[in-house]
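1. Structure of the sequence below:
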Amino acid sequence: MQNVEDKIRGMVVGAVTGDALGMPLEFHPPRPLNRLVRDMEIGPLPAGTFTDDTEMALALAESLLEHSPLEGGDFAQRLLAWLRNRPADIGIHTSRVLNLIAAGINWQEAAERVQREDPGNAGNGSLMRAWPVAAVHHANLGLLIAESRLQSQITHAHPDCVNACVFLNLVLSDLIHRDSNKPTGAAIRESIAASLTKVSLGSEFELVVNLAPVRQRENLANSGWVRHTLESAFWAVLTTYTFEEALVSVVNLGNDADTAGAVTGAIAGALYGYAAIPEHWKGAIHGEYPLRSGRIWFLQDFINLADEMMELG
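-> Numbering: from 1, shown residues only. From the prediction side, this is the model:
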């Protein structure tokens, strides 16, 4: 069996890699199949740079490393500090909640107020940053479920958002501990099925997940809706046979390419392990965090973070 360390490193580095690979394709239409992007490219940021997906995940990782159990107030303040340092990209829903917190409203009321004003909004802003909980609590499903819910509720209170974060982290945990000698398609299908026994997505959302592998590429919206992100991610890992092809498939859907890349990268990293991530991709990832600090993260920093979170668990 592939070791847990390799899979947790794969999940962490995979998420960052997918984020960076998708960065130049965000907000663009799907790429034609004969012109797929297969390497890190310049976009709004230099090639290989991670985005808000990873920045918020690092804020969550910091909070988890400082406080066990996770403290909602601490994580909210870390997100607020990130906002005040003017990130290059931030979701509208996340921004609205954090601006209310900045005005002195506690995070519970801020998140609930924004949700009440737009009750149908179920974006992927909390899903994109959820993977650190799986890195820390992969062996403790009670804490994994509770803290996956909490980290979402701080900005995204919609049940689909909360349940999607729980579901994703359950899948990641299951893959981290699953026998890698099985065919990858069977492994991911078994992880999905096992995870759906522990969280209720609701019949419609569950159908989206289960039908993902039979969807046609041209029918995948890959929008900022949390259902679309999970649909794209599971389509990618269930219709390919390597980490590289899963990531290439999903980011070239365009639209919310960086978030779909980050979520797919976490899943594929936990499925295939760190060694399966192409070296030229791993060597390219970098970015600043905290913002405006001059602290630049590279591959070894993410390996160190993965090991530190694993030890905490």
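2. for residue 39, helix, strand, or coil?
-> When classified by DSSP: H, G, I helix; E, B strand; the rest coil, residue 39 comes out as coil.
3. Just give the closest residue to it, not the sequence neighbours.
-> Leaving out its chain neighbours, the residue that sits closest to residue 39 by C-beta to C-beta, 6 or more residues apart in numbering is residue 280, at 7.0 Å. (C-beta placed from N, C-alpha, C; glycine too.)
4. mind checking how far the one you found is from residue 41?
-> 13 Å (C-beta to C-beta, to the nearest Å).
5. Between those two, which has more neighbouring residues?
-> residue 41 (14 against 10; other C-beta atoms under 10 Å).
6. ends of stretch 30-49, how far apart?
-> 21 Å (C-alpha to C-alpha, to the nearest Å).
7. now what about that stretch, what contacts it?
-> Under the contact criterion C-beta atoms under 8 Å, 6 or more residues apart in numbering, stretch 30-49 has outside partners 20-21, 23-26, 51, 88-89, 217-218, 222, 248, 251-255, 280-281, 284-287.
8. Put the buried members of the residues you listed into a ChimeraX selection.
-> Command for ChimeraX that selects the buried part of the contacts of stretch 30-49, burial taken from 16 or more other C-beta atoms under 10 Å:
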select :20,21,23,24,25,26,51,222,248,251,252,253,254,255,281,284,285,286,287
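9. Give me the subset of the contacts of stretch 30-49 lying in strands.
-> residue 287 (DSSP state E).
10. Which of the contacts of stretch 30-49 fall within helices?
-> 20, 21, 248, 251, 280, 281 (DSSP state H).
11. Which single one of those residues is nearest to residue 81?
-> Of all these, residue 81 sits closest to residue 20, with 22.7 Å by C-beta to C-beta.
12. State the number of residues packed around residue 291.
-> Considering only other C-beta under 10 Å, residue 291 is surrounded by 18 other residues.
13. just for this protein, where's the confidence low?
-> Scanning the chain for pLDDT under 70 picks out the ranges 1-2, 180.
14. And the strands in it?
-> Going by DSSP E, the chain shows strands at 287-288, 296-297.
15. Tell me where the stretch 51-200 of the chain has helices.
-> Secondary structure of the stretch 51-200 of the chain (DSSP state H, counting those that start in this stretch): helices located at 52-66, 72-84, 92-102, 107-117, 131-137, 141-153, 159-177, 184-196.
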